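A.B. asks: starting from these lines, generate the structure:
(chains A and B)
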Number of protein chains: 2
Amino acid sequence: MVSFVCFGVPQSFISKKEPTRTRPIPATAYDMRMSVETPELAFDEERLLPAIAQDSTTQEVLMLAYVSEEAFERTRETGVAHYYSRSRYELWKKGGSSGHVQHVEEVRVDCDGDAILYLVEQVGGACHTGYESCFYRTADGEEVSKQVFDPDDVY
Amino acid sequence: MVSFVCFGVPQSFISKKEPTRTRPIPATAYDMRMSVETPELAFDEERLLPAIAQDSTTQEVLMLAYVSEEAFERTRETGVAHYYSRSRYELWKKGGSSGHVQHVEEVRVDCDGDAILYLVEQVGGACHTGYESCFYRTADGEEVSKQVFDPDDVY
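C.D. replies: Down below sits the predicted model:
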């Protein structure tokens, strides 16, 4: 096994929004949330973090990919999901070629800071196979997600 | 970057259930599902796969951990989530000490076979911090999950 090296991320990097305390406080569910400590991200030895994308409407888990610091930052800046392609070794804007972008409504960080969750509005389908979700099969080979586009038409 | 080596898993390993075609076909949603190819698992160079646990009732994403072949097999055999602890280097039955086990209702595999999804009934809370979900914070440090137990009482 490999020992994982954690890279701390400056507070200024992971907190792009104006702090709640300096804004007027509208009585919305969002702003009624408790404030806890601002999480730091613990990138692995490849300087990546696993990122789960979940559909914010259907709650379906759509995919798991990886983010670099740059991908995380671009997501936060643009509101559109970016990842790091481990096969092409480059920043990857999801939907850049297919148009099937993910509008990121919220980014969550887990307890150890070594995984993140994007809550997204998915345009088209998340999976390159044409399914809404990359998790379209059970381990027994039963289909549990809809095919929403023909990959031959898109790629 | 590291090149990932994939380890194929025998069909007998990932398909524990009797094939649908040899059973009577009750008219339930489960059995009306389409059958697709039985997925193979692509373990990484550490012989692990990331595994997402999602609450099957609330649809909340609870945690991300890793499974070895043994952990995956034990989960399938027992119906209770097992993972591989990357800090203790051992098979880890979730809830083994806390009692906060995860009853696994379904296992899904992603398109590339390099990530899995457990749909679970979570006893207690998933997170060692006492929260229902390990993803209890946004990247801005706002609390978005309930604390359901006091970790000092459990660990």
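
A.B. asks: need the pLDDT of the residue most central in space within chain A.
C.D. replies: Nearest to the mean C-alpha position of chain A, by CA atoms, centre = their mean, lies residue A:118 at 3.4 Å. Residue-level confidence at residue A:118 comes out at 98, pLDDT.

A.B. asks: kindly report the same for the one 10 residues further on.
C.D. replies: pLDDT recorded at residue A:128 is 93.

A.B. asks: tell me how far the residue nearest to the centre of chain A lies from chain B.
C.D. replies: 10 Å (CB to the nearest CB, to the nearest Å). C-beta here means a position set from N, CA and C on the backbone, and glycine is covered the same way.

A.B. asks: residue A:81 is in contact with that residue, correct?
C.D. replies: Yes: the criterion here is CB atoms under 8 Å, and residue A:118 meets it with residue A:81 at 5.5 Å.

A.B. asks: okay, now residue A:114: neighbour count?
C.D. replies: 18 (other CB atoms under 10 Å in any protein chain shown).

A.B. asks: my guess is it contacts residue A:42. True?
C.D. replies: Yes: in this structure residue A:114 lies within contact range of residue A:42 using CB under 8 Å: 4.4 Å.

A.B. asks: need the overlap of contacts for residue A:118 and residue A:81.
C.D. replies: Common contacts of residue A:118 and residue A:81 (CB atoms under 8 Å, 6 or more residues apart in numbering or on different chains): A:53, A:75, A:102, A:104.

A.B. asks: looking at the residues you listed, which one is closest to residue A:34?
C.D. replies: residue A:104 (22.0 Å; CB to CB).

A.B. asks: now do the helices in chain A.
C.D. replies: With helices called from DSSP state H, chain A shows them at A:11-14, A:69-78, A:151-154.

A.B. asks: quick one, which of these is nearest to chain B?
C.D. replies: helix A:11-14 (5.5 Å; CB to the nearest CB).

A.B. asks: bridging residues for the residue nearest to the centre of chain A?
C.D. replies: residue A:53, residue A:107 (DSSP bridges).

A.B. asks: which ones are touching it?
C.D. replies: Residue A:118 touches A:51, A:52, A:53, A:54, A:75, A:81, A:102, A:104, A:106, A:107, counting by CB under 8 Å, 6+ apart.

A.B. asks: and if we set it to 7 Å?
C.D. replies: The contact partners of residue A:118, by CB atoms under 7 Å, 6 or more residues apart in numbering or on different chains, come to A:51, A:53, A:81, A:102, A:104, A:107.

A.B. asks: same question, residue A:85
C.D. replies: residue A:92.

A.B. asks: and it, how close does it get to residue A:66?
C.D. replies: 8 Å (CB to CB, to the nearest Å).

A.B. asks: excluding chain neighbours, give the residue nearest to residue A:62 in space.
C.D. replies: In this structure, residue A:62 finds its nearest non-sequential neighbour in residue A:126, 3.8 Å apart by CB to CB, 6 or more residues apart in numbering or on different chains.

A.B. asks: and that neighbour, what does it touch?
C.D. replies: A:53, A:62, A:63, A:100, A:132, A:133, A:134.

A.B. asks: ok, and the helix or strand in chain A with the lowest average confidence?
C.D. replies: helix A:11-14 (a mean of 42; mean pLDDT, DSSP states H and E).

A.B. asks: give me the neighbour count for the closest residue in space to residue A:52 that isn't next to it in sequence.
C.D. replies: Once flanking residues are discounted, residue A:52 sits nearest to residue A:117: 4.9 Å by CB to CB, 6+ apart. Neighbour count of residue A:117, defined by other CB under 10 Å: 26.

A.B. asks: wouldn't residue A:117 be in contact with residue B:61 here?
C.D. replies: Yes: using CB atoms under 7 Å, residue A:117 is in contact with residue B:61, at 5.5 Å.
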